[in-house]
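In: generate coordinates for the sequence data below:
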Amino acid sequence: MNYWELGICLGLLLLAFAAASLNSHARSGRGSIEKGKLLAGLAIGTTLFLWMAVVLRPHADKQIEELISALEAAEEDEQEELQRQLERLREQQQVPQQDLEGDYVSSTSCRSCHPGEHRSWHDSYHRSMTMVASREGIKAPFDGRELALGDTTFKVWQEGDEFWVRTPDPDREFALLKQNEQAPSLDQFYHPRQGPVPPMVDRRVVMTTGSHSMQMFWLPSAKAGQDLRLFPWVYFIPEKKWIPYEDSFIVDPRYSRPAAAWNRECIICHSVNGNPRATFKQIQNRIELDTSVAELGIACEACHGPAADHIKRHSNPLVRYQHRLDDIPDSTIFNPATATQSESSETCAQCHSWFIVENMQKFLQQGSGFRPGKRLSKTHQLVFYDKESIHQNPYADAFWPDGSVRTGGREYLGMAISACFQKGTMTCLDCHSMHQSTDPSDQLTSQATSNLSCLRCHDEIANSLGEHTHHLADSEGSRCYNCHMPHTSFALMGAIRSHRVDSPRVVKEDLGGRPNACNLCHLDKTLEWTSDHLVQWYDHPPAKLEPEQREVAASVRWILGGNGVQRAISAWHMGWEPAIEASGQNWQLPLLNIVRTDDFSVNRFVAQRAMKAHELYQPLRSDQPFDFIGEREPQRKIQLQFLDNWQNSAMRRTIPPAVLQEENGELQMEKINQLINNRDNRPIVMPE
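Out: Numbers count the residues shown, from 1 in each chain. Alright, predicted model coming up:
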């Protein structure tokens, strides 16, 4: 309820009270003096009511009323421009408004005293995670191009400083996609590509999410007080390519596009002190939102907490300089670098984890309420792997069967089950820093790009690194993180490092096990080869393996017969430079070529990108460009042409054993088809 609504309620209550009092006086026959007092009070109350209704009425509503009045009185040639102004104002009302009431002050208040820290944060991708749509923030080309998806043709264009899209009515499409959440089976899902398609409308982009790898675009609803709607195309910045939203993450094609709702979901991590400010309208039987934020993006107070008291205290220069000279912690602000292990790590975990809001109704009305330095469990119920209930868990596909999280952006869930965290003092800041990183991409400290972050605790290994790793000390095989934090998570169209710090193991794979670090680098080796070395080097018990696991390279088995995530991880590593250096190159090409017609569109993208890392790709490639989101028949033609070029090429290539190819490069199709036919085809959706 805003002040205007409050004024109306108070005024009506006052009028009702005065009327009841006058009626009571009339029946009791009291004097005119008392009656005059009541009338005077009534007049004052009425005046107060009118003042609150007029003065405190939201300014935007007043502007809308003025435009409506002007529109009604305007000439025909003026009406179109006034109508557009009216639409702009209504659209702008749906962008979350800044609210600095309470203890929040925003990052601009930090700059004068902390210019260096402000600059390093301003250069980070945390700052630009969510922005109002503008020329400076939008990375995608809105150049009038058309984007075809099934039978639907979208369009993106720019008008001055405004960015526009032509898209199926986002409100109707959102409603259809929400129905999928109640669908009893995948066969009954609504698929936008298959239709029916809602009527096409033009909408202005009002807000963006992402600015580093991928950017998403948010549109206003035609209905007041609703969630922003997601434009169903995202822009993949490294490839400078528009991609349908459902093709930008690992998802079984039997699933459909999720119904994204920024104001109720994304807001909790992609803004500071985001508050949906939901009101349930009983008559209309719906929720209306009046969303506010202290700041869009991830800014200073997301990690340091609300700073009003801090600024108030340090506005006195004597206090400020005294604090610089003493060692007394500043109680008016939270500093993750000097906090306890749990306090520091949970500051990152408020976003970098899977969680369920403890009290959804309270969150929708007031925001999450989490403050850095406080216990995260008060507001967030973190979601870890639970073997007993994993199949009832909506985040089941986000974990490997050994409990390791495999979706990017949820790194705390990996670190928290690591011995370095549970038995040691490890925090996120041992490797990452907002203000002292070497590169804003990963925000790694200089120590984290070498072994120093690990060797600070494991100093006994520092002087005998080669003996410990059984690799050359200056090689990729002696990088701690390549063995203990392999790329077994996936996000933003590629594999990323697991943040569960553990040692390589040859594990049972019949339930889609997590690939081990050894075979993700030594792509041409079998699980038996890895097991033998782990037995010899580290006294592991020998693994019990099936004949196929002893005879066929592990990466080949994963890329052909694994589940959707295993195929993506293996394909990515076949284009990873350290793995190519360890395993040789080019022999991976025909295997990656097979994945270019994978059911999972992201896997097709990853395979195509990995092929480009091999020197024989260019001379053997098709003349036709490969489009991983295009029609399947052209993809198959390109696939067959490359296979024909590969098998008929006289170019020299070295084919290792165990990769299902003859020495001349001919594929062992019977064994390959056997793996593909026995593939793990369980439906998977990997939320990011």
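
In: make it CA atoms for all contacts and neighbour counts henceforth
Out: OK.

In: tell me the domain ranges of this protein?
Out: Structural domains assigned to the chain are 3-57, 125-262, 511-688, following automatic domain parsing.

In: export those to TSV and tack on mean neighbour count and distance to Asn275?
Out: Listed next are the domains of the chain as TSV, based on neighbours: other CA atoms under 10 Å; distance: least, CA to CA, whole Å:
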stretch	mean neighbour count	distance to Asn275
domain 3-57	15	18
domain 125-262	18	11
domain 511-688	19	22
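
In: quickly, which of these bottoms out on average pLDDT?
Out: Ranked by mean pLDDT, the domains of the chain bottom out at domain 3-57, with a mean of 52.

In: tell me where the stretch 501-650 of the chain has strands.
Out: Assigned by DSSP state E, counting those that start in this stretch, the strands in the stretch 501-650 of the chain number zero.

In: ok, the stretch 351-500 of the chain next?
Out: Taking DSSP E, counting those that start in this stretch as the criterion, the stretch 351-500 of the chain carries its strands at 355-357, 380-382, 489-491, 494-496.

In: now the second one: buried residues?
Out: This means strand 380-382. 380, 382 (16 or more other CA atoms under 10 Å).

In: give me the sheet partners of it and which way each runs.
Out: According to DSSP bridges, strand 380-382 forms sheet pairs with strand 355-357 (antiparallel).

In: what does the partner strand rub up against?
Out: Counting contacts by CA atoms under 8 Å, 6 or more residues apart in numbering, the residues outside strand 355-357 that touch it are 363, 368, 379-383.

In: tell me how far Asp598 lies from Gln361.
Out: Look at Asp598 and Gln361: by CA to CA, to the nearest Å, they are 42 Å apart.

In: how about Ala582?
Out: Ala582 sits 54 Å away from Gln361, going by CA to CA.

In: just to revisit the earlier point, out of the strands of the stretch 351-500 of the chain, which is closest to Gly477?
Out: Comparing these by their distance to Gly477 (CA to CA), the top pick is strand 494-496, with 17.3 Å.

In: quick one: contacts for Ala462?
Out: Ala462 sits in contact with Leu455, where contact means CA under 8 Å, 6+ apart.

In: so which of the domains of the chain comes closest to Cys431?
Out: The minimum distance between Cys431 and the domains of the chain falls on domain 125-262, with 16.8 Å, by CA to CA.

In: can you give me the end-to-end span of that closest one?
Out: Here domain 125-262 reaches across 19 Å from its first residue to its last, counting by CA to CA.

In: that domain: how far from the chain's middle?
Out: 14 Å (CA atoms, centre = their mean, to the nearest Å).

In: over to stretch 336-349?
Out: Between the centre of stretch 336-349 and the centre of its chain there are 21 Å (CA atoms, centre = their mean).

In: what residues sit buried inside it?
Out: For stretch 336-349, using 16+ other CA under 10 Å, the buried residues are 336, 341-349.

In: quick one: contacts of stretch 665-685?
Out: 250-252, 254-255, 397, 512, 557, 560-564, 587, 646-647, 653, 655, 660-662.

In: next: stretch 513-530.
Out: Residues beyond stretch 513-530 that count as contacts (CA under 8 Å, 6+ apart) turn out to be 400-402, 482-488, 504-507, 543, 545, 549-556, 566, 570, 573-574, 578-580, 582-583, 656-659.

In: what do you get if the cut-off is 7 Å, keeping everything else the same?
Out: The list of residues contacting stretch 513-530 from outside it, by CA atoms under 7 Å, 6 or more residues apart in numbering, reads 400-401, 483, 486, 504-507, 549-555, 570, 573, 578-579, 582-583, 656, 658-659.

In: list the contacts for the residue lying closest to Glu91 once chain neighbours are set aside?
Out: Setting aside the residues directly before and after it, Glu91 is nearest to Pro220 in space (CA to CA, 6 or more residues apart in numbering), at 5.7 Å. Taking CA under 7 Å, 6+ apart as the definition of contact, the neighbours of Pro220 are 91, 94, 206, 228-229.

In: again with Ala299
Out: Shown in contact with Ala299 (CA under 7 Å, 6+ apart): 107, 127, 272.

In: all strands of the stretch 51-200 of the chain, in order?
Out: Secondary structure of the stretch 51-200 of the chain by DSSP E, counting those that start in this stretch: the strands cover 97-98, 130-132, 146-149, 152-159, 162-168, 200-204.
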